Structures are given as C-alpha cells and as structure tokens.
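> just the structure for this:
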Amino acid sequence: MERASKLSDSAMENTTRGWINGFIGVLIFSGSLPATRVAVLAFDPVFLTVARASIAGVLALCVLLLFKERRPARHQLLPLLVVALGVVAGFPLLTALALQYVTSAHSIVFLGMLPLATAVFAVMRGGERPRPAFWCFSVLGSLLVVGFAIRQGLTASPQGDILMLLAILACGLGYAEGAKLSRTLGGWQVISWALVLSLPVMVPLAWLLMPLSFSQVSTPAWLGLAYVSLFSMLIGFVFWYRGLAQGGIAAVGQLQLLQPFFGLALAATVLHEQVSMGMLGVTVAVILCVVGARKCAK
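Residues are numbered from 1 along each chain as shown. Have a look, this model is predicted:
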C-alpha cells in the first residue's frame, strides 16, 4: 500500500511538473505570431523561415556540442525529420505566409484549433486514449474558433485562413511526434537535433535568399526575428516537449487554448491591433474548455 501510494504521488508530481512546463512553453509561444507579424513586414516570409531556423540550429548545435550529447539512434532519425518538417519548417513558413494576408490578432484565434490537432496526432502517433468527454471539450473549443472565423468572413482572406489551417496541422503533428520522442531522447534534445538536421537545407537557403541590403530593416523587425529564432524556435520547445512528455500529449496540449488569450493581449498592447469583443468572447470560451478537457483527459 505504501509503495503504491508513493508511486501515485510520484506520478501526480510528474503530471504537475508537466503542466507547469507546458504553461511556460505556451507563454513563450504566445509571442510568436505577433513577433512574426512584425518581422514579416521587413523580411520575405521564406527568408524569415530559413533564417530563424538557421540561427536556432547553430545555437542548438553549440549546446549539443557543449554538453557532449550522444547522437540520436538510427530509428529516431525519421521522427526527428517529422518534427523538423512540422515545427522547424512547416508551421513557421505557413504562418509567415498567412500573416501577409491577415493580422496577428486574427491568426491567433486559429490557434484554438491546435489542441485538437495535437490530441488527434497524440492518438495516432503517441498511442494515447483520452475519454470521450475529453473530445467533447476539445471539439467544442475548436468549433468556437472555426465559427468565429466564419462569422468574420473567410472570403475576406481565404489564402490567409487556409494557410493558418495547414500550419495548425503541421504544428500538431510536430508537437505529438516530438513529445513522443522526448520520452526517450529528452525534451531539449529533440528540438535541438531537429534543428541541427535542418541546417544543411536552411543555411544555404538563408544565404541564397538573403536581402541585398538590410538598411531598410527596422529595429522592431530585428527584434521580431530574434524572438522567433531564440524563444519560439528553441527555448519554448525545451519547456513544451518536456511538459507534453511528463503530463501527457493530449492533456497538456489543451494548454494551447490559453495561447490565443496571451497572444491577443500582445497584439493589442505591442502591435496596437484592434481586438474585438467577439475575439475576446471566443478566447474566454475556449479557455473554459481547457478546464473540462483537463479533468477528462484520462
């Protein structure tokens, strides 16, 4: 009995740490779209994508060499490639392209669909089996987001909305695959090796696509590039993958429902973008869904 109690307490403590790490990751990721929005005003979206991956990849390589981390096993290379395609290339590129058509405030609302996408891929790739009630809350949160987007008028910018939907799918797959792999490879090691694997492609592309002159690039754009390179591409994933591995991919993934709230606050305060009552209403509604999903995750 005593041993079972200790194991239960240990599991609960591990789950709590997972939610804390996941929450920190969400806070960091909340600044990604506003920072991208600022950067894409001065940088070409494709160059921005390969530049941020190159900068983060070089930093990751230095850290891996510093700590003398062992190389991934052969069977881990394919999952790492999936992570790289999903979160190193896919999500950053698709969101950068989308932000040419929509504001960061509008794109942030689409992030409410990310927990559902992550949960679906957690079942497909991670072998998790949440209870039916969990899916009700997760689907409800996503429907609220989609309904809001339709009410705003998808015809206003179908390109931007389609690109955001594709970005969500790519990100959800990358999150689930990376979290599964981090159970054996380690959280920060997963994103670091994924970034390093992408370097042979990203660095040459960054060199080829580099602007002829940076004289017209504003300070905010440089800060945006720095943020998405260091925090969005590297530091945020250290906490996020660790949290997903500790607390469960589908369960902790619901914390992403909080991301629109923080993102909208940043869009309003930093970018001075208009945040309507409808946006706030949808955000509050999806935040409430995370409470129900959390209780029904297992």
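> list the contacts for Val252?
Contacts for Val252 (Cβ atoms under 8 Å, 6 or more residues apart in numbering) come out as Gly18, Trp19, Gly22, Gly243, Leu244, Gln246. Quick note: C-beta positions are derived from backbone N, CA and C, even for glycine.
> helix, strand or coil for it?
Classification of Val252 by DSSP: H, G, I helix; E, B strand; the rest coil places it in helix.
> just the pLDDT at Glu128, thanks.
Listed pLDDT for Glu128 reads 82.
> CA atoms of the host helix or strand of Val82 as CSV?
In this structure, Val82 is located in helix 74-83 according to DSSP states H and E. Provided in CSV are the C-alpha atoms of helix 74-83 (Å, rounded to 0.1, in the frame of the first residue of the first chain):
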residue,chain,number,x,y,z
ARG,A,74,19.0,5.4,-36.5
HIS,A,75,15.4,4.7,-35.7
GLN,A,76,15.0,8.2,-34.1
LEU,A,77,16.0,10.0,-37.3
LEU,A,78,12.7,9.7,-39.1
PRO,A,79,10.7,11.0,-36.1
LEU,A,80,13.2,13.9,-35.9
LEU,A,81,12.6,14.6,-39.5
VAL,A,82,8.9,14.8,-39.0
VAL,A,83,9.5,17.2,-36.1
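> against which helices or strands is the helix or strand just after that helix packed?
For helix 74-83, the succeeding helix or strand toward the C-terminus, using DSSP H and E, is helix 91-98. On a contact count with 3 or more Cβ pairs under 8 Å, 6 or more residues apart in numbering; DSSP states H and E, helix 91-98 meets helix 32-39, helix 45-66, helix 158-185.
> what is the orientation angle of the second one with helix 32-39?
In this case it means helix 45-66. 120 degrees (axes from the mean of the first three to the mean of the last three Cα atoms, to 10 degrees).
> packing partners of helix 45-66?
helix 91-98, helix 187-209, helix 219-227.
> let's see that helix as PDB, backbone CA atoms only.
Only the C-alpha atoms of helix 45-66 are listed here, as PDB (Å, rounded to 0.1, in the frame of the first residue of the first chain):
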ATOM      1  CA  PRO A  45       8.400  35.100 -45.400                       C
ATOM      2  CA  VAL A  46      10.600  32.400 -46.800                       C
ATOM      3  CA  PHE A  47      13.800  34.100 -45.800                       C
ATOM      4  CA  LEU A  48      12.400  34.700 -42.300                       C
ATOM      5  CA  THR A  49      11.600  31.000 -42.000                       C
ATOM      6  CA  VAL A  50      15.000  29.700 -43.100                       C
ATOM      7  CA  ALA A  51      16.800  32.500 -41.200                       C
ATOM      8  CA  ARG A  52      15.100  31.700 -37.900                       C
ATOM      9  CA  ALA A  53      15.800  28.000 -38.300                       C
ATOM     10  CA  SER A  54      19.400  28.600 -39.200                       C
ATOM     11  CA  ILE A  55      20.000  30.900 -36.200                       C
ATOM     12  CA  ALA A  56      18.300  28.500 -33.800                       C
ATOM     13  CA  GLY A  57      20.000  25.500 -35.400                       C
ATOM     14  CA  VAL A  58      23.500  26.900 -34.900                       C
ATOM     15  CA  LEU A  59      22.700  27.700 -31.300                       C
ATOM     16  CA  ALA A  60      21.300  24.200 -30.800                       C
ATOM     17  CA  LEU A  61      24.400  22.700 -32.300                       C
ATOM     18  CA  CYS A  62      26.600  24.600 -29.900                       C
ATOM     19  CA  VAL A  63      24.600  23.500 -26.900                       C
ATOM     20  CA  LEU A  64      24.700  19.800 -28.100                       C
ATOM     21  CA  LEU A  65      28.500  20.000 -28.500                       C
ATOM     22  CA  LEU A  66      28.900  21.800 -25.200                       C
END
